[in-house]
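*Asks:* Please work out how this folds:
(one chain, ligands or ions: 1)
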Amino acid sequence: MSLENKVAIVTGAAQGIGFAVAKRFVSDGAKVVIADIDDAKGEEAAEDLQTIGEAMYIHCNVAERLDVRNMVAETLNAYGDIDILVNNAGIVIGSDFLELEEADFDRVLSTNLKGAFLCSQAVARHMVEKIEGGGEPGCIINMSSVNSVLAIPNQIPYCVSKGGVSQLTKSTALALAPHGIRVNAIGPGSIMTEMLSAVNSDREARQRLMSRTPLLRIGEPAEIAGVAAFLASQDAGYITGQTIFADGGRMPLNYTVAVPDGD
Ligand SMILES: NC(=O)c1ccc[n+]([C@@H]2O[C@H](COP(=O)([O-])OP(=O)(O)OC[C@H]3O[C@@H](n4cnc5c(N)ncnc54)[C@H](O)[C@@H]3O)[C@@H](O)[C@H]2O)c1
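*Replies:* Purely as a prediction, here's the structure:
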């Protein structure tokens with residue numbers, strides 16, 4: 001198993017893409033911490049994964065420095081190490097630009113961008129200390145989005161936050177490269193989770209989405225987990241500072257795809 005004896009923290013792993021990543025990591029042999037703010041779903045997710053391997057839930061609001069510090073301390077206490085961090089926790093708040101509230105802008109940026117910074121710094125401090133003591137370097141994976149590059153007019157804080165995640169990925173990759181710690185990102189397109197459920201249940205919105213998706217289907221969380229498993233593995237040992245887009249072909253597409261009627 002490729003992640004045997006590794007310890008991973010996955011933020012926002014109570015459901016959706018984060019849960020799929022946590023499940024894949026446990027299946028690959030890692031001990032996994034599910035860090036989330038939804039205690040009921042987080043505990044349930046950990047119990048579910050305990051049937052296939054080692055997992056635990058820790059309450060952590062990634063936007064709160066003390067929560068993050070506590071999450072790192074509790075993980076070290078329970079599993080003695082941290083090899084992999086996946087900064088996956090993220091939220092969307094849609095609003096027309098002219099109506100957008102300052103508090104909503106701050107909330108999205110605090111979770112999606114500042115949260116990734118706080119977790120990366122806290123975990124990297126542990127990783128660097130470990131390396132200086134002769135330990136193996138670990139890696140960090142940020143959950144970005146196609147919206148780190150493309151833009152949506154009524155999702156401004158989200159797009160800004162993911163653009164920031166792209167630069168966070170590059171700059172922390174450079175900062176941590178001297179220690180051998182790799183930092184990469186995944187840029188999902190449209191993936192079947194709660195975040196996407198509103199779009200998927202609206203036929204017109206789904207057609208719009210498909211017209212920008214050459215593979216003509218919504219992606220599965222497990223398909224993002226597969227990319228995370230690759231980036232966390234030694235097969236990706238020479239990759240750092242990159243965002244891998246798993247988006248059904250959206251990024252290379254100019255214009256739109258002809259969508260068959262009735263799909
Ligand atoms: N679903 C998609 O189509 C899609 C596309 C591109 C990128 N992404 C990104 O993937 C990540 C996961 O998305 P998802 O679709 O699985 O979302 P989701 O809403 O299903 O799950 C998000 C999880 O994050 C947790 N969370 C929210 N705020 C938190 C905080 N402050 N601290 C800790 N946990 C918090 C939630 O409780 C939830 O469990 C996000 O970063 C999102 O931006 C998703």
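*Asks:* Mind listing what's buried along the lowest-mean-pLDDT helix or strand in the chain?
*Replies:* Counting by mean pLDDT, DSSP states H and E, the chain has its least confident helix or strand at helix 194-200, which shows a mean of 79. For helix 194-200, burial by neighbour count (16 or more other CB atoms under 10 Å) applies to 195-196. Using the backbone N, CA and C atoms, a C-beta is placed for each residue, glycine as well.
*Asks:* Any part of that helix near the ligand?
*Replies:* Yes - shown here: helix 194-200 in contact with the ligand (CB under 6 Å from any ligand atom) through 194-196.
*Asks:* okay, now Arg189: neighbour count?
*Replies:* To be clear, residue 189 is Gly; Arg isn't right here. When counting by other CB atoms under 10 Å, one arrives at 23 neighbours for Gly189.
*Asks:* my read: it touches Arg217, true?
*Replies:* No - the pair Gly189 / Arg217 is not scored as a contact, 10.3 Å apart, by CB atoms under 8 Å.
*Asks:* which residues are common contacts for these two?
*Replies:* Common contacts of Gly189 and Arg217 (CB atoms under 8 Å, 6 or more residues apart in numbering): Gly248.
*Asks:* So which bits of the stretch 1-150 of the chain are right by the ligand?
*Replies:* Proximity of the stretch 1-150 of the chain to the ligand (CB under 6 Å from any ligand atom) is limited to residues 11-12, 14-18, 36-38, 60-63, 88-91, 111, 115, 143, 145.
*Asks:* Any chance of a PyMOL selection covering the buried ones in these?
*Replies:* If you want just the buried ones from these in PyMOL, going by 16+ other CB under 10 Å, the selection is:
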select buried, resi 11+12+14+15+16+17+18+36+37+60+61+62+63+88+89+90+91+111+115+143+145
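*Asks:* thinking again about what came up before, C-terminal to the least confident helix or strand of the chain, what's the next element?
*Replies:* Later in the chain than helix 194-200, the nearest helix or strand by DSSP states H and E is helix 203-210.
*Asks:* average pLDDT for that following helix?
*Replies:* What helix 203-210 shows for mean pLDDT is 90.
*Asks:* Which stretches in this structure count as helices?
*Replies:* Using DSSP state H, the helices of the chain run over 16-27, 39-50, 65-79, 102-109, 115-132, 156-176, 194-200, 203-210, 221-232.
*Asks:* what packs against the fourth one?
*Replies:* In this structure, helix 102-109 packs against helix 156-176, with contacts taken as 3 or more CB pairs under 8 Å, 6 or more residues apart in numbering; DSSP states H and E.
*Asks:* Tell me which other helices or strands the helix it packs on touches.
*Replies:* Against helix 156-176 (3+ CB pairs under 8 Å, 6+ apart) you get helix 102-109, helix 115-132, strand 139-143, strand 182-188.
*Asks:* Give me the nearest residue to Pro221, chain neighbours excluded.
*Replies:* Ala20 (3.4 Å; CB to CB, 6 or more residues apart in numbering).
*Asks:* Oops, could you answer that again for Leu216 instead?
*Replies:* Met210 (5.7 Å).
*Asks:* Show the contacting residues for that neighbour.
*Replies:* Here Met210 is in contact with 216-217, 257, 259, 263 (CB under 8 Å, 6+ apart).
*Asks:* just the buried members of the residues you listed?
*Replies:* 257, 259.
*Asks:* Any idea how many residues pack against the residue lying closest to Ile191 once chain neighbours are set aside?
*Replies:* Distance criterion CB to CB, 6+ apart; nearest residue to Ile191, sequence neighbours excluded, is Gly219 at 4.5 Å. Using other CB under 10 Å, Gly219 has 20 other residues around it.
*Asks:* Test my guess that Gly219 contacts Met192.
*Replies:* Yes - counting by CB under 8 Å, Gly219 sits close enough to Met192 to count as a contact (6.9 Å).
*Asks:* and Ser120, how many residues sit next to it?
*Replies:* Ser120: 23 surrounding residues under other CB under 10 Å.
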